[in-house]
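Novice: build me a model from this:
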Amino acid sequence: MQDYFIGRQAIFDRRLRVYAYELLYREGDTSHAPSVDGDRATSRLMLNAFTEMGLNRIAGDQRVFLNMTRSLLMDMPEFPFGKERLVLEILEDIEIDDEFVQSISLLAAKGYTLALDDFEFEEKWLPLIPHIAILKVEVPTLNWASLAQQIEKVHRNGLLLLAEKVETEQEYRQLHELGFDLFQGYYFSRPHVVSGKRLSENQLITLKLLAKLNDPKTTPKELENLIVQDPGLVYKILRYLNSAALAIPRKVDSIQQAIIYLGLQRLRGWASLIAISRVEDQPEELFTIALVRAHMCAKLAATVKQGESEGAFTVGLLSVLDLLMGRPIAKVLERVPISSSVKLALLDHQGVSGQALHCARSFEQEDELPTGFPGLTAAEVQEIYLQSTELAFQDQRNLLA
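Specialist: Numbers count the residues shown, from 1 in each chain. Prediction:
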């Protein structure tokens, strides 16, 4: 079978907690757009996610949204896990007739959660509404003038309303105030600029710490003195380094030991990771994105040169600073005196670490094909992505516990 990828995009609730992930079919060949039909794409997606890859590797313990074609909904395959983890999306171009409505009714009666994709407030959908739990609407197509009245009707029928293609903070705030239940879009996973927004005290403290941690002029002793001034940071670092996840053969009792055992660059990365995890008022998924990018960059870079992996981990980790601080990465880096190689990788995707970051970020883009990496097949890159995702969920459980 041809190599292919699975992408994913987070869906958030009103408190910006991850509600689910939508799984996205991708072709492994980046030279052309996916040419397979919907049935084959969804079938391959399910086969890869449920059997070869394993759902937990790509989505942790979250539920998943799947785009379903008419034929698959009419002849639903058996899934190797509980229905509570699935949300089946009915695509907007599916023909709605009595036979289809009957099939949807049976799926709902069996306990499947059903969603209407690209929903518009039209009468043709009415026969399906009694069996639907979630309505997905595209923000660019919304009629804002009548939206409040339409939302009231939706909630009156006990349905959840999901806004997809949320592009800006203003859109998110408006939709939140109007009562939308779930949110999805590039605002949450792409760099965004909020003009005139000041950094909070918590963000400033984190930036100062990141600046000192990643300053190439900082000596091992200065790094040790910096970390030990923050008891919470010391506790997190030592607890994580001694956790089963890292499987270090001897117990690490001090930051000095951590520097000797791990090396300066690796300790910078883990300390930066913990510092980022403590920024307030940011969705938890942002931390997941940082971890996936960091692990993926490190693994990709290691295929070129082993010594590149630690610096690449830092590149992947710091690549979320624009999302974390709500301003362009170039502006944020003015406050973080990192090495020129890391800066070029972050700003222009230069060098091995930059290529790795470009590859890692491509898995977050809903409408783009994954970017490959020199010397690796599509299947090898996919496996690295899955390993990185699995490690990210493990790290998250350990670091946020």
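Novice: Leu24: what secondary structure?
Specialist: Secondary structure assignment for Leu24 (DSSP: H, G, I helix; E, B strand; the rest coil): strand.
Novice: Phe119 now?
Specialist: coil.
Novice: from Ser319, how far out is it?
Specialist: Per C-beta to C-beta, to the nearest Å, Phe119 is found 34 Å from Ser319. For glycine as for every other residue, the C-beta is placed from the backbone atoms N, C-alpha and C.
Novice: got the phi/psi numbers for Thr69?
Specialist: Note on Thr69: backbone dihedrals following degrees, to the nearest 10 are phi -90, psi 170.
Novice: local confidence estimate at it?
Specialist: On pLDDT, Thr69 comes in at 82.
Novice: isn't it up against Glu92?
Specialist: No - assessed by C-beta atoms under 8 Å, Thr69 is found out of contact with Glu92, at 11.9 Å.
Novice: so between the two, which is more surrounded?
Specialist: Thr69 (18 against 13; other C-beta atoms under 10 Å).
Novice: residues in contact with Glu99?
Specialist: Applying C-beta atoms under 8 Å, 6 or more residues apart in numbering, we find Glu99 in contact with Met74.
Novice: what strand or helix carries it?
Specialist: According to DSSP states H and E, Glu99 maps onto helix 98-109.
Novice: quick check: next helix or strand after that helix?
Specialist: With elements assigned by DSSP H and E, the helix or strand that comes after helix 98-109 is strand 113-116.
Novice: who does that next one pair up with?
Specialist: strand 86-90 (parallel), strand 134-138 (parallel) (DSSP bridges).
Novice: mind putting the ones you listed in JSON lines, mean neighbour count, distance to Val228 and mean pLDDT included?
Specialist: Shown next, in JSON lines, are the strands paired with strand 113-116 (neighbours: other C-beta atoms under 10 Å; distance: least, C-beta to C-beta, whole Å; pLDDT from 0 to 100):
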{"stretch": "strand 86-90", "mean neighbour count": "22", "distance to Val228": "47", "mean pLDDT": "91"}
{"stretch": "strand 134-138", "mean neighbour count": "22", "distance to Val228": "49", "mean pLDDT": "92"}
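Novice: adding distance to Leu210, write these out as CSV.
Specialist: Output for the strands paired with strand 113-116, formatted as CSV (distance: least, C-beta to C-beta, whole Å):
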stretch, distance to Leu210
strand 86-90, 37
strand 134-138, 36
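Novice: for Glu334, find the nearest of those.
Specialist: strand 134-138 (36.3 Å; C-beta to C-beta).
Novice: who are the packing partners of the helix or strand following the closest one?
Specialist: Using DSSP H and E, the helix or strand that follows strand 134-138 in sequence is helix 147-156. Judged by 3 or more C-beta pairs under 8 Å, 6 or more residues apart in numbering; DSSP states H and E, the packing partners of helix 147-156 are strand 160-164, helix 169-178.
Novice: tell me what the longest one is packed against?
Specialist: Here helix 169-178 touches helix 147-156, strand 182-183, going by 3+ C-beta pairs under 8 Å, 6+ apart.
Novice: picking up where we left off before, out of the helices and strands packed on helix 147-156, nearest to Ala379?
Specialist: strand 160-164 (29.7 Å).
Novice: elements contacting the closest one?
Specialist: Where contact means 3+ C-beta pairs under 8 Å, 6+ apart, strand 160-164 is packed against strand 134-138, helix 147-156, strand 182-183.
Novice: how about 6 Å then?
Specialist: Strand 160-164 sits against strand 134-138, with contacts defined as 3 or more C-beta pairs under 6 Å, 6 or more residues apart in numbering; DSSP states H and E.
Novice: residues in contact with the strand it packs on?
Specialist: For strand 134-138, the surrounding residues in contact (C-beta atoms under 6 Å, 6 or more residues apart in numbering) are 115-119, 159-162, 164-165.
Novice: got the angle for that strand vs helix 147-156?
Specialist: Per axes from the mean of the first three to the mean of the last three C-alpha atoms, to 10 degrees, the angle that strand 134-138 makes with helix 147-156 is 160 degrees.
Novice: check the offset of strand 134-138 from the chain's centre.
Specialist: Taking C-alpha atoms, centre = their mean, to the nearest Å, the mean C-alpha location of strand 134-138 is offset from the chain mean by 20 Å.
Novice: tally of neighbours for Gly232?
Specialist: Neighbours of Gly232 (other C-beta under 10 Å): 9.
Novice: quick check: closest non-adjacent residue to it.
Specialist: For Gly232, ignoring the flanking residues on the chain, the nearest one in space by C-beta to C-beta, 6 or more residues apart in numbering is Arg278 at 7.8 Å.
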